[in-house]
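[1] just to be clear, the model below is a prediction. Sequence and coordinates:
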Amino acid sequence: MANISDLILQQVKKAAGNVEIPSNVQNTVLNGLSESILGSLTQTAAKAGGIEQIKSLLTGGTSAASSPITALAGKLFSGNILSKLNLGDMLNGKLAALIPTVMGGLSNIIKDQDGDGDVDLNDILLTLKGGKSSSILGAASSILGSFLKK
């Protein structure tokens, strides 16, 4: 069963497939992208109105390219990873440009999981939990636990 970290890393690897990342820093870059995106979601969830921002992003109400969540992930990635690796402006630009792609990829995996005919917060939680769950509270607890462990 995939958790949020696994889903993010899957999307990062998929998006980074066409970017030539030096092998000596590849794991650092991929993990840094994943951690920056998760950090952005975590920080946003902790803010007033943050859950609604996440819902809007993951259900397509806000485009990934214009989302403040995406912008925060880019800031975290640039500050925590790219500034320390000295990969050059061209590669840094390509890597930072992956973030909206990954965020868009996350929104593409959110489906109507609970069968109520729309995509809502319950569906986001169920998707991030890994599928059907007998309790939405259990899914929410698992996801919040993932956020709080980071």
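    Structure's in. What do you need? All values reported here derive from a predicted model rather than from experimental measurement.
[2] so how far is residue 23 from the spatially most central residue of the chain?
    Compute the mean C-alpha point of the chain, and by CA atoms, centre = their mean the closest residue is residue 37, 4.4 Å away. Noted for residue 37: a distance of 22 Å to residue 23, by CB to CB, to the nearest Å. Yep, even glycine has a C-beta here, placed from its N, CA and C like the rest.
[3] leaving out the residues flanking it, which one is nearest to residue 22?
    Of all residues beyond its chain neighbours, the one nearest residue 22 is residue 87 (7.3 Å), with distances taken as CB to CB, 6 or more residues apart in numbering.
[4] quick one, phi psi at the one you found?
    Backbone torsions for residue 87, taken as degrees, to the nearest 10, come to phi -90, psi -10.
[5] doesn't residue 25 make contact with it?
    Yes. In this structure, residue 87 is within contact of residue 25 by CB atoms under 8 Å, at 7.1 Å.
[6] what about residue 62, which SS state?
    Going by DSSP: H, G, I helix; E, B strand; the rest coil, the secondary structure assigned to residue 62 is coil.
[7] now do the SS call for the nearest residue to it once chain neighbours are set aside.
    Taking CB to CB, 6+ apart as the measure, residue 62 lies nearest to residue 56, with 4.3 Å between them; neighbours along the chain are not counted. Classification of residue 56 into helix, strand or coil gives helix, according to three-state DSSP.
[8] residue 101 too?
    With three-state DSSP as the criterion, residue 101 reads helix.
[9] what ranges do the helices span in the protein?
    Listed from the start of the chain, the chain has helices (DSSP state H) covering 4-15, 26-46, 50-58, 68-77, 83-85, 89-96, 98-109, 121-129, 136-149.
[10] dump those helices to JSON lines, plus mean pLDDT.
    Below are these laid out as JSON lines (pLDDT from 0 to 100):
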{"stretch": "helix 4-15", "mean pLDDT": "86"}
{"stretch": "helix 26-46", "mean pLDDT": "92"}
{"stretch": "helix 50-58", "mean pLDDT": "85"}
{"stretch": "helix 68-77", "mean pLDDT": "96"}
{"stretch": "helix 83-85", "mean pLDDT": "93"}
{"stretch": "helix 89-96", "mean pLDDT": "94"}
{"stretch": "helix 98-109", "mean pLDDT": "86"}
{"stretch": "helix 121-129", "mean pLDDT": "61"}
{"stretch": "helix 136-149", "mean pLDDT": "51"}
